[in-house]
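# Fold the following, please.
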Amino acid sequence: MRRVGVAALLGVAVVGAAPSDALAWHDDGHRIVGEIAARNLSKSALAQINELLADMPEYSTMATAATWADQQAKLDPSFAFAYSSHYINVDARSTPREVLAQCLEKSGCVATGITYYADILRSERASRAQRAEALRFLLHFVGDVHQPLHAGHSQDKGGNDIAELRLLEYTPAKQRTNLHAVWDGGFVAITMAREGWDWQRYAAELDARVTDEMIARWGRGSVYDWIEESRLFAAANGYLRADGMTPVRSGDALGEDWYQRNLPVAEQRLQQAGVRLALVLEELF
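Alright, predicted model coming up:
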């Protein structure tokens with residue numbers, strides 16, 4: 001396991017936390033990120049993590065715990081403070097200082113959420129329950145920041161307002177979806193159905209494609225770089241039709257050419273999220 005300094009990876013000071021009503025990657029995507037991370041951890045770190053998660057049996061693995069922030073925390077008003085930590089809206093290239101300023105003005109964002117919960121895990125004053133809660137949030141938010149439209153445009157709410165879309169078998173009959181949901185769940189759902197895979201198999205397939213060179217390269221940078229990567233992928237792929245030039249509009253039918261053009265991006269972001277999550281957790285445990 002290549003060790004990269006967690007401070008260098010996170011690259012942001014401790015501030016308050018906060019999350020969105022967007023569900024990045026849907027549950028299977030988050031499970032895949034958690035499973036890839038688990039596969040890239042040392043035995044010692046993984047054992048400590050599993051021990052910390054054991055008090056909540058239904059979320060006792062990294063893969064299942066990565067879904068807790070959407071499945072449980074969003075339904076509990078006591079976690080409303082964390083609402084904005086699932087995302088950040090970025091309309092143009094921003095410096096780390098500008099990103100931090102925006103996060104502080106808006107009661108937090110995914111960058112401040114990630115670093116806040118990493119610091120809770122590092123704290124000697126935090127209780128076991130507080131550290132377990134922080135771990136569940138961190139598992140989720142590192143996945144969130146890698147979904148391109150979680151760094152999407154403010155004017156369309158990260159693609160949520162680009163609606164009434166069709167996407168192959170993801171929207172059968174008269175069902176329709178929005179662009180944010182397509183990136184959250186469309187690629188994962190279509191690929192698993194076509195290949196006959198469950199999320200565990202998909203995670204194993206994606207992890208098998210990760211090389212040592214990728215781990216070394218993806219381990220450089222900080223959470224600000226992860227945000228900028230997502231913003232760039234949103235601009236170059238997420239918001240565009242298959243021709244790579246025309247914006248996706250409400251009511252569009254996204255076909256096989258669109259799916260094939262963007263699937264490699266979605267899969268790379270899942271891989272990067274899992275690898276980087278493992279690097280962060282290796283330092284914390």
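# neighbours of Ser42, just the number please.
Using other C-beta atoms under 10 Å, Ser42 has 14 neighbouring residues. All C-beta atoms are positioned from the backbone trio N, CA, C, and that covers glycine.
# actually Leu232, not the one I typed
15.
# what about it, distance to Glu282?
27 Å (C-beta to C-beta, to the nearest Å).
# what secondary structure does Leu263 sit in?
Secondary structure, DSSP: H, G, I helix; E, B strand; the rest coil: Leu263 is helix.
# Skip the chain neighbours and tell me the closest residue to it.
With sequence-adjacent residues excluded and distances taken as C-beta to C-beta, 6 or more residues apart in numbering, Leu263 is closest to Phe187, at 5.5 Å.
# Glu169 now?
What sits nearest to Glu169 in space, not counting adjacent residues and going by C-beta to C-beta, 6+ apart, is Ile190, at 6.2 Å.
# wait, doesn't the one you found sit right on Thr171?
No - judged on C-beta atoms under 8 Å, Ile190 makes no contact with Thr171 at a distance of 10.4 Å.
# picking that back up, wasn't the residue nearest to Glu169 part of a helix?
Yes - according to three-state DSSP, Ile190 belongs to a helix.
# residues touching the closest residue to Gly186 other than its chain neighbours, list them.
Distances taken as C-beta to C-beta, 6+ apart place Tyr170 nearest to Gly186, at 4.6 Å, with adjacent residues excluded. Residues near Tyr170 by C-beta atoms under 8 Å, 6 or more residues apart in numbering: Thr177, Val182, Gly185, Gly186, Ala189, Ile190.
# which residues of the stretch 1-150 of the chain fall in helices?
With DSSP state H, counting those that start in this stretch as the criterion, the stretch 1-150 of the chain has helices at 6-10, 26-39, 43-53, 62-65, 68-71, 96-105, 110-122, 128-146.
# mind checking which of these is nearest Ala253?
Of all the helices of the stretch 1-150 of the chain, it is helix 26-39 that lies closest to Ala253, at 21.2 Å by C-beta to C-beta.
# now what about that closest one, what contacts it?
24-25, 46, 49, 61-67, 70-71, 139-140, 142-143, 146-147, 184-185, 188-189, 192, 199-200, 202-204, 206-207, 210, 270-271, 273-275, 277-278, 281.
# Alpha carbons of it, in CSV - could you do that?
C-alpha atoms of helix 26-39 as CSV (Å, rounded to 0.1, in the frame of the first residue of the first chain):
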residue,chain,number,x,y,z
HIS,A,26,-26.6,6.0,-5.8
ASP,A,27,-26.1,3.1,-3.4
ASP,A,28,-24.4,0.7,-5.7
GLY,A,29,-21.8,3.3,-6.8
HIS,A,30,-21.0,4.1,-3.2
ARG,A,31,-20.7,0.4,-2.4
ILE,A,32,-18.3,0.0,-5.3
VAL,A,33,-16.1,2.9,-4.0
GLY,A,34,-16.1,1.5,-0.5
GLU,A,35,-15.2,-2.0,-1.8
ILE,A,36,-12.3,-0.7,-4.0
ALA,A,37,-11.0,1.2,-1.0
ALA,A,38,-11.2,-1.9,1.2
ARG,A,39,-9.3,-3.9,-1.4
